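Participant: quick one, structure for this:
(chains A and B)
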There are 2 protein chains.
Amino acid sequence: MFQLPRGTRDFKPADMQKYRYIQQQISEIFQRFGYEEVRTPTFETLDLFTAKSGESIKEELYDFTDKGGRKLTLRPELTAPVIRFYIDQLQMEPKPLKLYYIGNCFRYDRPQKGRYREFWQAGCELFGPNTPEAYAELIALAYTQLHSLGLNNITVNIGNLTIIDALFTQLNLTSEQKQYLPPLIDKVLYEDITHALQDFDVSQEHITRFINLLETTDIDHLSTHMKNHQEAREQLNLTKQVIELLHQNFQITTCQLKMSIVRGLEYYKGIVFEIEAPSLGAEKQLCGGGVYELISLFGGNDVPTAGFAIGMDRTILALETEGITFPNPEPEIYIIPVDQTTIPQSITIATMLRTHGYITDLDLLRRGVGKALKYANTKHYQYIIIIGPKELEQQAVTLRNMMTGEQTIVPYNDLLSKLE
Amino acid sequence: MFQLPRGTRDFKPADMQKYRYIQQQISEIFQRFGYEEVRTPTFETLDLFTAKSGESIKEELYDFTDKGGRKLTLRPELTAPVIRFYIDQLQMEPKPLKLYYIGNCFRYDRPQKGRYREFWQAGCELFGPNTPEAYAELIALAYTQLHSLGLNNITVNIGNLTIIDALFTQLNLTSEQKQYLPPLIDKVLYEDITHALQDFDVSQEHITRFINLLETTDIDHLSTHMKNHQEAREQLNLTKQVIELLHQNFQITTCQLKMSIVRGLEYYKGIVFEIEAPSLGAEKQLCGGGVYELISLFGGNDVPTAGFAIGMDRTILALETEGITFPNPEPEIYIIPVDQTTIPQSITIATMLRTHGYITDLDLLRRGVGKALKYANTKHYQYIIIIGPKELEQQAVTLRNMMTGEQTIVPYNDLLSKLE
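Facilitator: Here you go, the predicted model:
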């Protein structure tokens, strides 16, 4: 007996119906916002990801050497591959270029609830604009994705890494000291932050002010502490405009400033955001994204870029937690030949119904009407068609409506109109 | 600059539109025949595939050892994974169990036209029935898939491996000699077959008869040479019934007997079939399948199984060769704010239109009306909405129909009805 590889899973039909429903909805919303779908290979050269995220990422990669000696890896995320693709083939496309993807990614980490070693992401990258309306639209798109699926209890948190960096600079931290803080900020461990800053010889007054500014949701309050930092003031102004457009024009009222968002500082710059479903507890983040710089690092001609990715597994979990029912295609018609003599005519009828778009199945096991009826009932077929020698002679079928229990003899020629 | 891994490819938006169209059509037809979708992981344990196909398959696998020391491989095909899944979780499901999948597979072989190292397959497995109507329906399903996509010039060839084996037995071949012939038969190399059989001390009379039987499309002719082989006669009878049901009841006239089909003799048994698009030349096979035995080999409780897989890349090539146009979603509305003062209202209008399902984009670059119009034209938007201070004052927009050239001022409240 062969095992499913650890940390992976099989999708039963009911799981795939949920997945396809979400995929279809997400695709539709991306397209509605002017995005077009792209796809990149499942594996890439290893150096693509070490260039983006540093050597340490190797620890969580499924990397391998192929038979030609190439160092490859299953992709851990999709932004780096899409940027590679852009540089390779799409740099001359008119801007803005709006690309989306829905694909699987791989990470070798400890499997836990809602976290698999192979997982699915839906995301997008925006090439060209760096205006407040561009960033507001991007965040609105991510929110609309999750809201349209039926999630009502989600919050959008918007941060800005340029301002975080300015706050670090005000504390006179070395670049080494700066690297130590983000994980603590991300986890909102204020006590640990305090201890760390004390160790870095920051005064208690500055520590208190720093934590106060991390916690504020008031941009004007932050502005009063950024007087000497031109770039930070510009970013504060940008962030303010983005939040205003989201509130007033995109009509998204559940978004707020959250300075403690510190996503991959290596390549994210400026505005960053996350969307959470608080109902999920500790693993509540459904979506993350922001403004980043990767094109020049990968050897392309620089152009503003921003994007986000939605975790499809956690989104399904959140939908289940909120008790949303997923629509699924209902089986429609099950045809039972009473004996072998009526099998050919049963096939002819099945073929006719399928040609007209009906989900139609036919008993293939020659098991008798009783057992076949039981099977059709288990599978929730809406109509049963029974064809025996008597029906064959009359050029008709017995049609049973499983919802009403009504059963009638219907001539072949009337069957389609009767089903409508 | 980073390279795309050799033998793989990126899908541009136009490529993905074709792929998604085909995927959607194929899914719909599978469902119409009563099949339900499943999904298995992208990688499996290596021994799953060596158990199925022998050690030699390793040469064409992307196999690797993960960080926990597990020997894994990217899947080269999807039948073995689905059978593993069935044994693991689905054995108790009511029969027939009809499962389909659409997924990527990986093979390390020399890249060439229409052959990639990562490629997509759509296929299905049928668990339970072994009746003529079950096999005829399976073949009809494969044909309907390709025909519904728009392929008119395809042929269905049906063979039977039990009969091939009986023919070998009649020639008194050793099991070693038997293994030598299939590749030659598959490639229809009659001269090489003749030489091989001569080397195996088969008389010229028997060689001539063997080749004659390989070439025949007449089942009754084959029957006259199978008098002493009970199992082969049963299989001939089954094959005859399948072809009759296909012709008369599934109304598929382009199917015929082709004894030279010799798919993986290790696990295929009995009826096998292939569907070809002759327009593609040497690489013309779009679909292959048949009856196989894998469940007991994998440690499950035996049950009849059959299935097929369609190569999605070659199917797209065949559709292109037949000159079929793929439907694609048309961009609908492009909104241009004349200056910064009208951006918020432009967003409000865009949000309203998107909420009502329109594919709507908004100029995010503040580049002026002329350049924005040019961009919208390049992208083939059907309507342009221009919002300047004048329109803002009138609580209206300028709506231009790009197909007719008509341009009118439309109040906000009339916009939706005007677009309908």
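Participant: give me the residues contacting the helix or strand hosting A:I271.
Facilitator: In the assignment (DSSP states H and E), A:I271 maps to strand A:268-276. With contact meaning Cβ atoms under 8 Å, 6 or more residues apart in numbering or on different chains, strand A:268-276 is reached by A:135, A:139, A:142-143, A:146, A:154-162, A:235, A:238-239, A:242, A:258, A:261-263, A:284-293, A:306, A:308, A:310. Any C-beta I mention is one placed from the backbone N, CA and C, and that applies to glycine too.
Participant: make a ChimeraX selection of the buried ones in these.
Facilitator: Buried residues within the contacts of strand A:268-276, by 16 or more other Cβ atoms under 10 Å in any protein chain shown, are selected in ChimeraX with:
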select /A:135,139,142,143,146,154,156,157,158,159,160,161,162,235,238,239,242,258,261,262,263,284,286,287,288,289,290,291,292,306,308,310
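Participant: just the contacts of strand A:268-276: which are in strands?
Facilitator: In strands, judged by DSSP state E, the following of the contacts of strand A:268-276 are found: A:155-160, A:285-292, A:306, A:308, A:310.
Participant: helices and strands around the helix or strand of chain A with the lowest mean pLDDT, which ones?
Facilitator: Here the helix or strand of chain A ranked lowest by mean pLDDT, DSSP states H and E is helix A:175-180, holding a mean of 86. On a contact count with 3 or more Cβ pairs under 8 Å, 6 or more residues apart in numbering or on different chains; DSSP states H and E, helix A:175-180 meets helix A:161-170.
Participant: if we can go back for a sec, buried sites along the least confident helix or strand of chain A?
Facilitator: For helix A:175-180, burial by neighbour count (16+ other Cβ under 10 Å) applies to A:177-178.
Participant: show me the helices in the stretch 1-150 of chain A, by range?
Facilitator: Applying DSSP state H, counting those that start in this stretch to the stretch 1-150 of chain A gives helices spanning A:13-32, A:46-53, A:79-85, A:132-149.
Participant: okay if I get the ones you listed as JSON lines plus distance to chain B and mean pLDDT?
Facilitator: As requested, the helices of the stretch 1-150 of chain A are exported to JSON lines (distance: least, Cβ to the nearest Cβ, whole Å; pLDDT from 0 to 100):
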{"stretch": "helix A:13-32", "distance to chain B": "4", "mean pLDDT": "95"}
{"stretch": "helix A:46-53", "distance to chain B": "5", "mean pLDDT": "92"}
{"stretch": "helix A:79-85", "distance to chain B": "4", "mean pLDDT": "97"}
{"stretch": "helix A:132-149", "distance to chain B": "4", "mean pLDDT": "97"}
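Participant: so which of these comes closest to B:L167?
Facilitator: The closest of these to B:L167 is helix A:13-32. By Cβ to Cβ, the value is 40.7 Å.
Participant: gap between the closest one and the chain center?
Facilitator: Its chain's C-alpha centre and that of helix A:13-32 lie 10 Å apart, by Cα atoms, centre = their mean, to the nearest Å.
Participant: what's the angle from that helix to helix A:132-149?
Facilitator: If you take axes from the mean of the first three to the mean of the last three Cα atoms, to 10 degrees, helix A:13-32 sits at 150 degrees to helix A:132-149.
Participant: in helix A:13-32, which residues are buried?
Facilitator: Residues of helix A:13-32 classed as buried: A:13, A:16-22, A:26-27, A:29-32 (neighbour count, 16+ other Cβ under 10 Å).
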